[in-house]
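[1] can't give you the sequence, but here's the structure:
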């Protein structure tokens, strides 16, 4: 199982730092991983750092990161820290929380299953 | 028998008959300020310190620092326990504004945190304080409810004994209906203000698979944590003593079949104002100390100094006992504390001092604090507590005066609890007022049926001998009159006796004189007779002499003749 996965295109000065906490290969977690990867590719190509953590593997992190609901995406940068709880399938909300403009072409497939 | 885990909280284990259900969740609900969090923390701390069971505290509302500071005043040292790996505190920060729902999720994060905390110290006890806070952070109630249900099932599977605290709802036990999920044991805490005095109460609403005390039990948050007070009143089975203690007044002891009270029994003095109840009580305390035993005196009316001064005026000096530490006077206003607080103070002092006797003067003042039922239940528990500890208890109670013989409420409440009941009262007669004392009951020994008048002298209380007049027992001036009359009568009788004695003496003397006369007469007659007798004798002698001489003359002549013939 993926313990920690780095998809860092520009590790030095990544504009967006995102941490996704998941619990193994549960449906919610798998969906969340798929969704965040798609969003990053579509909207943040080349300027993000995404870390995916399986908290089953690192339970101590759960307390440290104040996790309750899983999956949780924590946006560390830019701006204020935000927590996005859920499988990230509500793309409008995800983008709003990340402070990204909604692209017209992606509007139709906000709920990909 | 359902396995139970002792909470270590004073009194709670008695009510639940052994503690909380082992390995199952227990819900503690109550309104704000009831001490839910404290009860949870005490459960963990006692578990760690007294039963060696590590515990996890998951706090949703307060941070670890806040909790540590809050319970430090109760002597709970959370950081030390954490360092010893006996406790883990995990503050779960729930903030709605930071959370954005973006799709489906579950609360696995909470499970992992809890599971990790439990496994890291091998916890046996878990407290979730207050899990309802999650409802404020997560808008999706359906998910929350199913997850909470799953959490409780998961905790059960883990075999940890859990306390879940919850805020009391409107008309329901908890605001979010958590009682639906936690159905093994539910404890309700309540905070009620009656007549400006707050009393906290605890009730076990439900305990699956076990019997439990069903009443509402008052509890307190004291310096040592939570203390639920029934505690000993659940059963009537204490050891009894056959020893006798003196009342301090020899004449009063005489009124009892065994010359005193049983050690460890409870004695009640009731009386109207000014009938020397306090003096009697102090006299008893004095006597106890004189036997080199300890006495604890609760004064609800007078300060210790005032009490000592006043009692000294009747010749009882309590000062030496105070300095020797045999006597402790605890004075406080009844209204200063709630009833339960009073009870706790009494419990605490009794435990500290371990007295042989306790005096409470008076219990009737406590009615100012609570209503009759509460006072009655408090006194029941107090008397039980003292009995179980083999302490002689003496109470005084002020009863409303008046001519009606209706018993006062206190008396009704207490009289069935006490073993010995002595009534002191005014015996009001013509223009004066005297004090009378009688024994209304005395369990386990015979007692006098008389109403004894007593007076307070400089040498203490003295019971006067019973004076019976034509119309029964008389007291006061009547007693004096009666005594004077009796004295006059006795004098008359005495004089009459003396007169009779003198008469007898005279008669004796007359008779003696007569006897002397007769004797003289007899003597002269005797003399006469003796004389006649003598004369007769002489005459006879002479007569016989004469005869003898004639014969000898003849014989002499014969002899002469013979001589001549030879």
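    Structure received. Just so we're clear, the structure is a prediction, and the values are computed from it rather than from any experiment. Numbers count the residues shown, from 1 in each chain, chains lettered A, B, ... in the order given.

[2] where does the residue nearest the centre of chain B fall, phi/psi-wise?
    Centroid-nearest residue in chain B: residue B:393, 1.7 Å away (criterion: CA atoms, centre = their mean). Here is the backbone geometry of residue B:393 (degrees, to the nearest 10): phi -120, psi 130.

[3] That one and residue B:357 touch, don't they?
    Yes: here residue B:393 reaches residue B:357: they are 7.2 Å apart, a contact under CB atoms under 8 Å. Every C-beta, even on glycine, is put in place using the N, C-alpha and C of the backbone.

[4] And chain B, split by domain according to the record?
    Each structural domain of chain B that the record assigns through automatic domain parsing is listed here as a residue range: B:4-230, B:244-466, B:467-528.

[5] between the ones you listed, which gets nearest to chain A?
    For the domains of chain B, the distance to chain A is smallest for domain B:4-230, at 3.4 Å, taking CB to the nearest CB.

[6] which stretches of the stretch 301-450 of chain B form strands?
    Assignment of strands within the stretch 301-450 of chain B using DSSP state E, counting those that start in this stretch yields the ranges B:327-331, B:357-361, B:392-398, B:420-428, B:433-442.

[7] Nearest to residue B:318, out of those?
    Between residue B:318 and these, the shortest gap by CB to CB is with strand B:327-331, which sits at 6.0 Å.

[8] what's the closest one packed up against?
    For strand B:327-331, the packing partners by 3 or more CB pairs under 8 Å, 6 or more residues apart in numbering or on different chains; DSSP states H and E come out as strand B:295-299, helix B:304-312, helix B:319-324, helix B:339-353.

[9] mind listing what's buried in stretch B:153-172?
    Residues B:155-156, B:158, B:160-169 are the ones in stretch B:153-172 that count as buried (16 or more other CB atoms under 10 Å in any protein chain shown).

[10] Compute the first-to-last residue distance for that stretch.
    According to CA to CA, to the nearest Å, stretch B:153-172 extends 22 Å from its N-terminal end residue to its C-terminal end residue.

[11] Please state the offset of it from the chain centre?
    Going by CA atoms, centre = their mean, to the nearest Å, the spacing between the C-alpha centre of stretch B:153-172 and its chain's C-alpha centre is 42 Å.

[12] So is it next to chain A?
    No: using CB under 8 Å from any CB of the partner chain, no contact is recorded between stretch B:153-172 and chain A, whose separation bottoms out at 13.8 Å.

[13] Determine whether any part of the lengthiest helix in chain A lies close to chain B.
    Identified as the longest helix of chain A according to DSSP state H is helix A:27-43. Yes: part of helix A:27-43 sits near chain B under the criterion CB under 8 Å from any CB, namely A:28, A:31, A:32, A:35.

[14] and that helix, what other elements does it pack with?
    Contacting helix A:27-43 under the criterion 3+ CB pairs under 8 Å, 6+ apart are the following elements: strand A:16-22, strand A:48-54, helix A:91-98.

[15] Could you dump those into CSV and include mean pLDDT, mean neighbour count and distance to chain B?
    Listed next are those as CSV, based on pLDDT from 0 to 100; neighbours: other CB atoms under 10 Å in any protein chain shown; distance: least, CB to the nearest CB, whole Å:
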stretch, mean pLDDT, mean neighbour count, distance to chain B
strand A:16-22, 92, 22, 7
strand A:48-54, 92, 21, 10
helix A:91-98, 88, 19, 5
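
[16] Tabulate these (JSON lines), appending distance to residue B:56.
    Supplementary listing: the helices and strands packed on helix A:27-43 in JSON lines, determined by distance: least, CB to CB, whole Å:
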{"stretch": "strand A:16-22", "distance to residue B:56": "21"}
{"stretch": "strand A:48-54", "distance to residue B:56": "23"}
{"stretch": "helix A:91-98", "distance to residue B:56": "32"}
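
[17] Just give me the neighbour total for the residue nearest to residue B:398 when sequence neighbours are not counted.
    Nearest residue to residue B:398, sequence neighbours excluded (CB to CB, 6 or more residues apart in numbering or on different chains): residue B:364, at 4.4 Å. The local packing count at residue B:364 equals 24, with neighbours defined by other CB atoms under 10 Å in any protein chain shown.

[18] Ok, residue B:127 next?
    The tally of other residues near residue B:127 (other CB under 10 Å) stands at 26.

[19] got it, and residue A:57?
    Neighbourhood size, residue A:57 [other CB under 10 Å]: 13.

[20] Kindly report the same for the one 3 residues further on.
    A total of 13 residues lie near residue A:60 under the criterion other CB under 10 Å.

[21] I figured it was touching residue B:119, is that so?
    No: between residue A:60 and residue B:119 no contact is recorded; they are 11.0 Å apart, counting by CB under 8 Å.

[22] Please identify the deepest-packed of the helices and strands packed on strand B:327-331.
    For the helices and strands packed on strand B:327-331, the largest average neighbour count (mean count of other CB atoms under 10 Å in any protein chain shown) is found in strand B:295-299, namely a mean of 24.

[23] Give me the contacts around that strand.
    Outside of strand B:295-299, the residues within contact range by CB atoms under 8 Å, 6 or more residues apart in numbering or on different chains are B:281-282, B:285, B:288-289, B:307, B:321, B:326-332, B:346, B:349-350, B:353, B:355-361.

[24] Tell me the gap between it and the middle of its chain.
    Between the mean C-alpha position of strand B:295-299 and that of its chain there is a distance of 11 Å (CA atoms, centre = their mean).

[25] next one: stretch A:38-47
    Offset of stretch A:38-47 from its chain centre (CA atoms, centre = their mean): 11 Å.

[26] Helix, strand, or coil at residue A:74?
    Reducing the assignment at residue A:74 to three states with DSSP: H, G, I helix; E, B strand; the rest coil gives strand.

[27] Not including adjacent chain positions, what is the nearest residue to it?
    What sits nearest to residue A:74 in space, not counting adjacent residues and going by CB to CB, 6+ apart, is residue A:19, at 4.5 Å.

[28] pLDDT score for residue A:88?
    Model confidence at residue A:88, given as pLDDT, is 91.

[29] I'd say residue B:164 and residue B:133 touch.
    No: between residue B:164 and residue B:133 there is no contact under CB under 8 Å: 11.8 Å.

[30] can you tell me the helix or strand for residue B:47?
    Residue B:47 is located in helix B:36-50, with elements delineated by DSSP states H and E.

[31] and if you look at residue B:480?
    Counting by DSSP H and E, residue B:480 is found in helix B:476-565.

[32] Quick one: mean pLDDT for that helix?
    With pLDDT averaged residue by residue, helix B:476-565 scores 88.

[33] Neighbours of residue B:515, how many?
    As a measure of burial, residue B:515 has 10 neighbours, counting by other CB under 10 Å.

[34] Next one: it from residue B:482, what distance?
    Counting by CB to CB, to the nearest Å, the separation of residue B:515 from residue B:482 is 49 Å.

[35] Repeat that for residue B:299.
    From residue B:299 across to residue B:482, the span is 39 Å (CB to CB).

[36] Same question for residue B:189.
    For residue B:189, the distance to residue B:482 - CB to CB - is 65 Å.

[37] So which of those two has more stuff around it?
    The residue with more neighbours, out of residue B:189 and residue B:482 and counting by other CB under 10 Å, is residue B:189; that gives 21 against 17.

[38] check contacts around the more buried one.
    Taking CB under 8 Å, 6+ apart, one finds B:28, B:29, B:30, B:31, B:34, B:35, B:36, B:39, B:200, B:201, B:202, B:219 in contact with residue B:189.

[39] Secondary structure class of it, three-state.
    With three-state DSSP as the criterion, residue B:189 was assigned strand.

[40] In a strand, residue B:100, correct?
    Yes: under the criterion used here (three-state DSSP), residue B:100 sits inside a strand.

[41] these two touch, right, it and residue A:80?
    No: because the distance of 11.8 Å does not satisfy CB under 8 Å, residue B:100 is recorded as not touching residue A:80.

[42] who has more neighbours, those two?
    Set residue B:100 next to residue A:80 and count neighbours by other CB under 10 Å: residue B:100 wins out with 20 against 9.
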